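Peer 1: Structure for the following, please:
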Amino acid sequence: MRALLLSLGLVSGLASAATAQTPVDPRFDAIATLAEAKMKEYGVPGVAIGIISAGTTTTRGLGITNIEDPLPVNAHTVFPIASISKTFAATAMMRLVEQGKVDLKAPVRRYLPEFKVRDSTVTRDVTVWHLLTHLGGWEGQVSGPDRGTETLTNFLTTITDLMQVAPPGAAWSYNNAGFSIAGRVIETVNATSINQAVRDLVFRPLGLEHAGTNSNDFIVQRFAAGHIVRNGAPALQRPFGASVSVTAGGVGLCITDLMTYARFHMGDGTANGARVLSRESLQLMQTGQAAKQATDDSIGVSWHMRHVAGVRTFSHGGTLGGHILLLEIVPERNFAIAILTNSSTGWRLIQDVEREALRSYLGAAYAVNQAIAHRGLVETLPSVQPGRQPDLAPYLGTYTRPNNSYVVRAESGKMYIDNRLVTFFGPDRVVILDGPEAGQAMEFVRDAAGRVNWLRVTGRVAVKAP
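Peer 2: Residues are numbered from 1 along each chain as shown. This next block holds a predicted model:
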């Protein structure tokens, strides 16, 4: 392992020298140096970093694409960006809104008459807006088989009995299924496959030269293979499986293209001299649509919104097959950062590097007990100071969602969620105190009557049993 890490460090240095722009802001060099140290600490083979600051874009590749067939990560190495793809889906949808083909507040059934979930009222009333804000309320951690151009059409036939864990809008809950349904809406109104629609509506207008939506696109690129880290050692993830849902997680591209995309979302809606979206549509995507109950964060149209020391950020992360990734934009400060990793431990590197970048470039640091809501990747609280513990009785019970259940119990005045010891650090917010998940937050969510009715774990709610 030591030899492998030393080789990663050597290759990282070569890749950095080859891809960095000159002159480089010393703050960027410090961020890259931190990333290299974290790669060794967490066993991350490859990283691509991009930062936009004061109108200048700087990118750097660190490490290697694949421990068994190593190539240096460079500015055009393609990473599958997993759930960051959801912002591409929303961008495509907003283009269709501007073309008069979609109304965000229209029922999904206007565009997909065959759409059906378990609850008939939800089937009738749920809107496109609910899909793009994770507020549909049904179980969202589902996917279907790869059926080529019929994948999303087939997906609709598999969701007719999805558990409704909450009424639409009642409990924010991360929902991949909603974005797959949104993809089928895009296909239908655009009269093309979703792969073609995303190319036509996003990739080509923005000039994203290395972007793709499936393995056929990725195989002809220098590709960052995913790795799973066990006992500190990375191993190649086999087989690689691209997401079958383009709009939930199937886009892949290089750091250069991703920074072009970030610059577009911080701009005026034009790209390459042509109007792609109006300023108003970009602003709508960056406007809070609903609060993520029991957190300080909110959801925009696909973007996850939060404030760090008064700085308003919009971000999305991703997790897929040994890849962990993040894109974060701060339009009011003309700042963006993207961190792409090809390791299952990449989330640890991302949170360390992101926090330092916000501090060094924007002077923004997380407050004590500032919860971090789910953005598509695992995160932990940077610092926790437990508060006064409330009466535990309203929280106790069993919370369920398909394939998951959580037992909240009290023992000797302490609270456990399953076997994890937790403590309250804010109203309805707990943090895990021990084990490999230490530092991760969970939230209890109340219904309209003020009763504790849901438990949100890594962004997904489970409903309390009667």
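Peer 1: residue boundaries of the helices in this protein?
Peer 2: 2-19, 26-42, 85-98, 108-111, 120-125, 128-132, 151-158, 176-190, 194-198, 204-206, 215-218, 255-265, 279-285, 346-362 (DSSP state H).
Peer 1: and of the ones you listed, who's closest to H227?
Peer 2: With Cβ to Cβ, the closest approach to H227 among the helices of the chain belongs to helix 346-362: 9.0 Å. C-beta: built from backbone N, CA, C; applies to glycine.
Peer 1: So which elements touch the closest one?
Peer 2: The elements that helix 346-362 packs onto, with contact taken as 3 or more Cβ pairs under 8 Å, 6 or more residues apart in numbering; DSSP states H and E, are helix 26-42, strand 46-53, strand 311-320, strand 323-330, strand 335-341.
Peer 1: Quick one: those as JSON lines, columns for mean pLDDT too.
Peer 2: Converted to JSON lines, those look like this (pLDDT from 0 to 100):
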{"stretch": "helix 26-42", "mean pLDDT": "98"}
{"stretch": "strand 46-53", "mean pLDDT": "98"}
{"stretch": "strand 311-320", "mean pLDDT": "97"}
{"stretch": "strand 323-330", "mean pLDDT": "98"}
{"stretch": "strand 335-341", "mean pLDDT": "98"}
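Peer 1: who wins for proximity to M94 among these?
Peer 2: Closest of those to M94 is strand 311-320, at 14.3 Å (criterion: Cβ to Cβ).
Peer 1: Pull out the buried positions in the closest one.
Peer 2: For strand 311-320, burial by neighbour count (16 or more other Cβ atoms under 10 Å) applies to V311, T313, F314, S315, H316, G317, G318, T319, L320.
Peer 1: Identify the residues contacting it?
Peer 2: Here strand 311-320 makes contact (Cβ atoms under 8 Å, 6 or more residues apart in numbering) with 80-87, 226, 243, 249, 265, 286, 300, 302-307, 324-333, 347, 350, 358, 362, 364, 375-378.
Peer 1: possible to save the helices of the chain as TSV with mean neighbour count?
Peer 2: Output for the helices of the chain, formatted as TSV (neighbours: other Cβ atoms under 10 Å):
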stretch	mean neighbour count
helix 2-19	16
helix 26-42	18
helix 85-98	25
helix 108-111	19
helix 120-125	14
helix 128-132	25
helix 151-158	18
helix 176-190	25
helix 194-198	23
helix 204-206	18
helix 215-218	17
helix 255-265	23
helix 279-285	16
helix 346-362	21
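Peer 1: Save the ones you listed as a markdown table, and put in distance to T398 too.
Peer 2: As requested, these are arranged in a markdown table below (distance: least, Cβ to Cβ, whole Å):
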| stretch | distance to T398 |
| --- | --- |
| helix 2-19 | 44 |
| helix 26-42 | 35 |
| helix 85-98 | 31 |
| helix 108-111 | 31 |
| helix 120-125 | 24 |
| helix 128-132 | 27 |
| helix 151-158 | 27 |
| helix 176-190 | 24 |
| helix 194-198 | 38 |
| helix 204-206 | 47 |
| helix 215-218 | 40 |
| helix 255-265 | 41 |
| helix 279-285 | 38 |
| helix 346-362 | 29 |
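Peer 1: re the thing from before, nearest to V108, of the helices and strands packed on helix 346-362?
Peer 2: strand 311-320 (22.1 Å).
Peer 1: residue contacts, G397?
Peer 2: By Cβ under 8 Å, 6+ apart, the residues touching G397 are V407, V408, K464, A465.
Peer 1: show me what contacts the second one?
Peer 2: Meaning V408. Y395, L396, G397, T398, Y399, M415, Y416, I417, L455 are the contacts of V408 under Cβ under 8 Å, 6+ apart.
Peer 1: Before we move on, what's the pLDDT of I372?
Peer 2: You'll see I372 listed with a pLDDT of 86.
Peer 1: Over to the one 3 residues further on?
Peer 2: With respect to pLDDT, R375 scores 95.
Peer 1: What of the one 4 residues further on?
Peer 2: Per-residue confidence for E379 comes out at a pLDDT of 93.
Peer 1: coming back round to it: okay if I get the contacts of G397 as TSV plus pLDDT?
Peer 2: Below are the contacts of G397 laid out as TSV (pLDDT from 0 to 100):
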residue	pLDDT
V407	98
V408	98
K464	98
A465	96
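Peer 1: Quick one, which of these are buried?
Peer 2: For these, buried by 16+ other Cβ under 10 Å: V408, K464.
Peer 1: Could you single out the nearest of the contacts of G397 to A170?
Peer 2: Nearest to A170 among the contacts of G397, with distances taken as Cβ to Cβ, is K464, at 13.0 Å.
Peer 1: What residues are bridge-paired with the closest one?
Peer 2: Beta-bridge partners for K464, by DSSP bridges, are Y399.
Peer 1: that older thread, nearest to I49, of the contacts of G397?
Peer 2: The shortest gap between I49 and any of the contacts of G397 belongs to V408, at 39.4 Å (Cβ to Cβ).
Peer 1: For ChimeraX, what selects the buried ones among the contacts of strand 311-320?
Peer 2: ChimeraX command restricting the contacts of strand 311-320 to the buried ones, with burial defined by 16+ other Cβ under 10 Å:
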select :80,81,82,83,84,85,86,87,226,243,249,265,286,300,302,303,304,305,306,324,325,326,327,328,329,330,331,333,347,350,358,362,364,375,376,377,378
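Peer 1: who touches the nearest residue to N66 once chain neighbours are set aside in this structure?
Peer 2: With Cβ to Cβ, 6 or more residues apart in numbering as the criterion, N66 has its nearest non-adjacent residue at 4.2 Å, and that residue is A225. Counting by Cβ under 8 Å, 6+ apart, A225 makes contact with T65, N66, L236, Q237, F240, G322, N342.
Peer 1: Now flag whichever of those is closest to K40.
Peer 2: N342 (14.9 Å).
Peer 1: so how many other residues sit close to that closest one?
Peer 2: 32 (other Cβ atoms under 10 Å).
Peer 1: same deal with the one 3 residues further on?
Peer 2: Other residues lying near T345 total 23 when counted by other Cβ under 10 Å.
Peer 1: Quick one: residues in contact with stretch 414-421.
Peer 2: 389, 392, 395, 406-410, 422-424, 430, 432-435, 437, 442, 455, 457.
Peer 1: Output the helices and strands packed on helix 346-362 as JSON lines; include the columns distance to K101.
Peer 2: Converted to JSON lines, those look like this (distance: least, Cβ to Cβ, whole Å):
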{"stretch": "helix 26-42", "distance to K101": "41"}
{"stretch": "strand 46-53", "distance to K101": "32"}
{"stretch": "strand 311-320", "distance to K101": "24"}
{"stretch": "strand 323-330", "distance to K101": "26"}
{"stretch": "strand 335-341", "distance to K101": "29"}
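Peer 1: Number of residues surrounding R238?
Peer 2: Around R238 sit 12 other residues, with neighbours defined as other Cβ under 10 Å.
Peer 1: From F223, how far off is it?
Peer 2: For R238, the distance to F223 (Cβ to Cβ, to the nearest Å) stands at 14 Å.
Peer 1: just R110 next, same as before
Peer 2: Separation of R110 from F223 (Cβ to Cβ) stands at 39 Å.
Peer 1: same deal with L381?
Peer 2: Where F223 is concerned, L381 sits at a distance of 34 Å (Cβ to Cβ).
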